[in-house]
Structure formats: C-alpha cells, structure tokens
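*Asks:* task: produce atomic coordinates for the following.
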Amino acid sequence: MVPFTPIEKKDSYTLRLVQPHPVAVTQYSSRGDGYLALGAYMSGDNDSSEKFPETHPIVMTYRKTENGYRKTMQVYLDGSSRTPPLPKNQSVYLDIAGGEVIAAKKFEGNATQEVCEKTLKELLLDLEEDGLGVASSFKTSGDVSDDGSGSIDFQLAQYGPLHSLSPRLNEIWVKVKM
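*Replies:* Reported below is the predicted structural model:
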C-alpha cells in the first residue's frame, strides 16, 4: 500500500499526506501496455532480476494536452530498503513519488474517461466549497510537469486485481495547496 498519513476525512473525500516512496513509472497510450511494462519490471525484468511483491494502488497520472491526455502509470516498489535495480526496458524509469498532500475521492466500477472527469469535477467543487486550493501538477522527475497552462493534473488510483468479477475500488487524487 502506498504509504500515507490520514489528515482529515470529509463526507465526500479524504485528505492525506503521501509519504515519499520509490516507484517504477512508464508513459503509456493504452493501460494494457502500461500494466505489461510495469508487471515485467516487478517480475524481474531489471538489472538484478529482483522480483517485487504486488502493491496497490496502481497510480495513473493524467496531464491534459491539446491532443487529450499525457499519461504515466506508476507502481510502488515495496520490500526493499536499498535502491531498486534499474529497469531493462527503457520505457520504464525509477522515481520518488509522494511528499505531498492529496485529496482522494472514491468511486467503484469502470474507470472510464467520462467517469474520471465527472469525479474530478465533483472533487474540485468540494475542495472549492471547503476553501482548499489545488496545485496544478504532481511532483515528478518524469515528463509530466507544470507547463503554466493552468490545467490540473489528476491521478487515478486503482486497487485490487486487474481482472476480477468483484467491483473495483478507484480513487481520483489531486494535489492540494497547503
């Protein structure tokens, strides 16, 4: 589980301080490609052939562009106190995520673009009503960055098995200004 400290639970969302943690990241166009690239790294496609335990959630970052969204997917690297081994696949890179306060809003079911955008809009309205500001982007050393456009990055966190008959828990995350 991505390490965090609960700050406050509201009726429609929670505030959390996400602790800094190591992640493997890949940019993707289809979720299946992202899952495959990160799954291979976690299964030993790295310099030391180290295998990592499955962790949740899988976190996808979305940055609005003129052509839709620029998307990255990341997975928490648990189980090692040392520096994780380098990926063999050049589309996967290592980073440190967290170190920020987020607002998280839960929803179940399929995480389609329409559902994610609707949930994001609801979360932004709830935060505005509570007098909380939203930062434009999440901290990353990758290519998802604040370009000054004023658009809001958001993250989709998905919990549970990829292929399951049970409902899937999802959360929309936004970075909160403190």
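*Asks:* ok, residue 105 - contacts?
*Replies:* Residues in contact with residue 105, defined by CB atoms under 8 Å, 6 or more residues apart in numbering, are 12, 13, 119, 122, 123, 126, 171, 172. For glycine as for every other residue, the C-beta is placed from the backbone atoms N, C-alpha and C.
*Asks:* going through these, which ones are buried?
*Replies:* Of all the contacts of residue 105 considered here, the ones buried according to neighbour count by 16 or more other CB atoms under 10 Å are 13, 119, 123, 126, 171, 172.
*Asks:* which strands and helices sit next to the host helix or strand of the last one?
*Replies:* Translated: residue 172. Counting by DSSP states H and E, the element that carries residue 172 is strand 169-175. With contacts defined as 3 or more CB pairs under 8 Å, 6 or more residues apart in numbering; DSSP states H and E, the secondary structure elements packing on strand 169-175 are strand 100-108, helix 113-129, strand 154-159.
*Asks:* low pLDDT regions in this structure?
*Replies:* 79-81, 138-151 (pLDDT under 70).
*Asks:* of all the contacts of residue 105, which two lie farthest apart?
*Replies:* Set against one another by CB to CB, those have their most distant pair in 126 and 171, with a gap of 13.6 Å.
*Asks:* host element of the most far-flung residue of the chain relative to its centre?
*Replies:* Outermost residue of the chain with respect to the C-alpha centroid, by CA atoms, centre = their mean, is residue 48; its distance is 25.6 Å. Per DSSP H and E, residue 48 falls between elements, in no helix or strand.
*Asks:* now the residue lying closest to it once chain neighbours are set aside: how far from residue 105?
*Replies:* The spatially closest residue to residue 48, leaving aside those adjacent along the chain, is residue 85, at 4.1 Å (CB to CB, 6 or more residues apart in numbering). Here residue 85 is placed at a distance of 35 Å from residue 105 (CB to CB, to the nearest Å).
*Asks:* please apply the same query to residue 97.
*Replies:* Residue 97 sits 19 Å away from residue 105, taking CB to CB as the criterion.
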